[in-house]
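Trainee: when you get a sec, could you give me coordinates for this:
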Amino acid sequence: MSADTSTGNERALVAAFYHFTALPDCEALRGPLQQSCEELGLLGTILLAPEGINGTVAGPEHGVRRLLRRLRSDSRLSELQAKFSWADAAPFYRMKVRLKKEIVSLGVAGIDPQQEVGDYVAPSDWNALIQRDDVRVIDTRNDYEVNLGTFAGAEDPGTRSFREFPAWVEEHLDPETDEHVAMFCTGGIRCEKSTALLKQLGFKNVYHLDGGILNYLEQVQLDDSLWQGDCFVFDNRVTVDHDLREGDLEVCPACRMPITAADRASPRFELHVSCPRCFDRLTPERREALLERARQIELAAARGEQHIGSR
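Mentor: Next up is the predicted model:
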């Protein structure tokens, strides 16, 4: 039986974690893990694959920490690390444990972060590295994430998905001329794959920000920071600022991408329906369903209730 996931006025602890390790029995792990999360009153998403685990969960602090202890009780996950932040309420609607081919999809066979990755750079050392003239600094995230915030001077590959990143590397980077390449992402997981890719391609000096942007924002004081803007997160908070506080952006109800001021000013933006990114892809049926959803949200608000899809 599922536990009550309501936390009342209690703030929710948000834990983001991943770990690359061989999990050939990941299918057998899914059911018990789903049950544990529900019993602990947690919401969020956990991905399981033969290469490891990747998840973000939120709920009562005792429930989150108990889940992490249970995960680490498996010797294969004993070194699993998590990054924490707080939210006024759990920024998810439900709890899902899913099976995947990869815990982060690069789409290149033979890339194994357990065998070889780039050098981890602590947040305290990151500024000095990325300000060097001989270092190319690459933001491995997608274009909509980069548009909301990035490190000063970082290159934007302009990718719409991580699977496009290998093609960008092939076209724009050269192991013979790019002697030092530093990369970063939200929590570190994409850089495990991207630095492993570059090492396989023959790049000698490859670095990535240990723990990603979230770890940097937690460790580096604002006055010393080279981060500019907000950081996109894959939950209903949409973004967090330098103090890891929830931002004020909303997401498009159709494609779930963040809606910026420029999006709202576009003639291809329709309130409660779509944004410029998905305007051409919306079917009449999907548009009508979104309009009906907006009507239901307004009716719930009129009754003093919160509709489950109102964020």
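Trainee: okay, and the beta partners of Phe20?
Mentor: Bridge pairing for Phe20 (DSSP bridges) gives the partners Gly52.
Trainee: now swap in Glu246 and tell me
Mentor: Beta-bridge partners of Glu246, as defined by DSSP bridges: Val240.
Trainee: how deep is it tucked in, by neighbour count?
Mentor: For Glu246, the neighbour count with other Cβ atoms under 10 Å is 21. Backbone N, C-alpha and C define where each C-beta goes, glycine included.
Trainee: cool, the one 10 residues further on as well?
Mentor: By the measure other Cβ under 10 Å, the count of residues near Arg256 is 12.
Trainee: next: Cys26.
Mentor: Counted with other Cβ under 10 Å, the neighbours of Cys26 add up to 20.
Trainee: swap in Asn127?
Mentor: By other Cβ under 10 Å, 17 other residues sit near Asn127.
Trainee: give me the distance between the nearest residue to it once chain neighbours are set aside and Pro157.
Mentor: Excluding the flanking residues, the one nearest Asn127 by Cβ to Cβ, 6 or more residues apart in numbering is Leu226, at 5.4 Å. For Leu226, the distance to Pro157 equals 19 Å [Cβ to Cβ, to the nearest Å].
Trainee: check Val146 too.
Mentor: For Val146, the distance to Pro157 equals 8 Å [Cβ to Cβ].
Trainee: repeat that for Glu116.
Mentor: Look at Glu116 and Pro157: by Cβ to Cβ, they are 22 Å apart.
Trainee: what secondary structure does Leu129 sit in?
Mentor: Look at Leu129: counting by DSSP: H, G, I helix; E, B strand; the rest coil, its state is helix.
Trainee: so for Leu226 and Pro157, which sits in the more crowded spot?
Mentor: Pro157 (19 against 16).
Trainee: now do the contacts for the more buried one.
Mentor: 138-140, 164-165, 168, 172 (Cβ atoms under 8 Å, 6 or more residues apart in numbering).
Trainee: part of a strand, is it?
Mentor: No: when classified by three-state DSSP, Pro157 is found to be coil rather than part of a strand.
Trainee: quick one, grab the pLDDT at Thr7.
Mentor: Per-residue pLDDT puts Thr7 at 42.
Trainee: where's Asp139 relative to Thr150, distance?
Mentor: Taking Cβ to Cβ, one finds Asp139 at 5 Å from Thr150.
Trainee: kindly apply the preceding question to Glu61 instead.
Mentor: Computed as Cβ to Cβ, the Glu61 to Thr150 distance reads 31 Å.
Trainee: neighbour count winner among these two?
Mentor: When neighbours are counted by other Cβ under 10 Å, Glu61 and Thr150 differ, and Thr150 comes out ahead with 21 against 15.
Trainee: quick check: which element contains the more buried one?
Mentor: Using DSSP states H and E, Thr150 maps to strand 149-151.
Trainee: what comes up buried for the helix or strand following that strand?
Mentor: Downstream of strand 149-151, the next assigned helix or strand under DSSP H and E is helix 165-172. Neighbour-count burial for helix 165-172 flags 165-166, 169 (criterion: 16 or more other Cβ atoms under 10 Å).
Trainee: just stretch 173-187 next, same as before
Mentor: Of the residues in stretch 173-187, 173, 178, 180-187 count as buried by neighbour count, 16+ other Cβ under 10 Å.
Trainee: contacts only, for Leu282.
Mentor: The contact partners of Leu282, by Cβ under 8 Å, 6+ apart, come to 254, 273-274, 290.
Trainee: run the last query once more with 10 Å
Mentor: 254-255, 270, 273-275, 289-290 (Cβ atoms under 10 Å, 6 or more residues apart in numbering).
Trainee: before we move on, what about Leu29?
Mentor: By Cβ under 10 Å, 6+ apart, the neighbours of Leu29 are 23, 46, 48, 53, 71, 74, 97, 99.
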